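In: Quick one, what's the 3D model for this:
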Amino acid sequence: RSFLFQTYHDDAIMEGGGLLSRLQDEKSPLRPLFMIGVFYEGLLSFHLALRRHEPSMISRGVKVLEFIAMYSDSNKFTFENKFLLLEASRMELLVQTKHC
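Out: Have a look, this model is predicted:
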């Protein structure tokens, strides 16, 4: 979250398309720092989905999870832990929505 706010200086980043969609739209080369930013975007999306119950945040988090999963297969040392944390956040969200 801190990375996103330092980069974009406001809370509006979570209201728009987000970092992942910008990277995919611009067809820019992926830099490690951007990939870490996408990871934090996913964590923040799942967190906001828990707090605000917004379906758009859930779908954004799932897109990030799929994106990180691609790199988790090829680079386990760097991305497997991030994939597992995102998956745990998604599962926490599923458990919370079933109990409500």
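
In: buried residues in the one helix or strand Glu66 maps to?
Out: Element membership of Glu66, judged by DSSP states H and E, is helix 55-74. Residues of helix 55-74 classed as buried: 57-58, 60-65, 67-68, 71-72 (neighbour count, 16 or more other Cβ atoms under 10 Å). C-beta coordinates here come from the backbone N, C-alpha and C atoms, glycine included.

In: Which strands or helices does that helix pack on?
Out: For helix 55-74, the packing partners by 3 or more Cβ pairs under 8 Å, 6 or more residues apart in numbering; DSSP states H and E come out as helix 18-26, helix 32-52, helix 76-99.

In: could the buried residues of helix 55-74 be laid out in CSV, adding pLDDT and distance to Leu44?
Out: Putting the buried residues of helix 55-74 into CSV (pLDDT from 0 to 100; distance: Cβ to Cβ, whole Å) gives the following:
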residue, pLDDT, distance to Leu44
Met57, 90, 8
Ile58, 92, 12
Arg60, 93, 9
Gly61, 94, 8
Val62, 95, 14
Lys63, 94, 13
Val64, 94, 9
Leu65, 95, 13
Phe67, 91, 14
Ile68, 93, 14
Tyr71, 85, 19
Ser72, 86, 19
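
In: Could you point out which residue ranges in this protein have low pLDDT?
Out: Scanning the chain for pLDDT under 70 picks out the ranges 1-16, 26-30, 100.

In: Quick check, central residue of it?
Out: When Cα atoms, centre = their mean is applied to the chain, the residue found nearest the centroid is Gly42 (1.3 Å).
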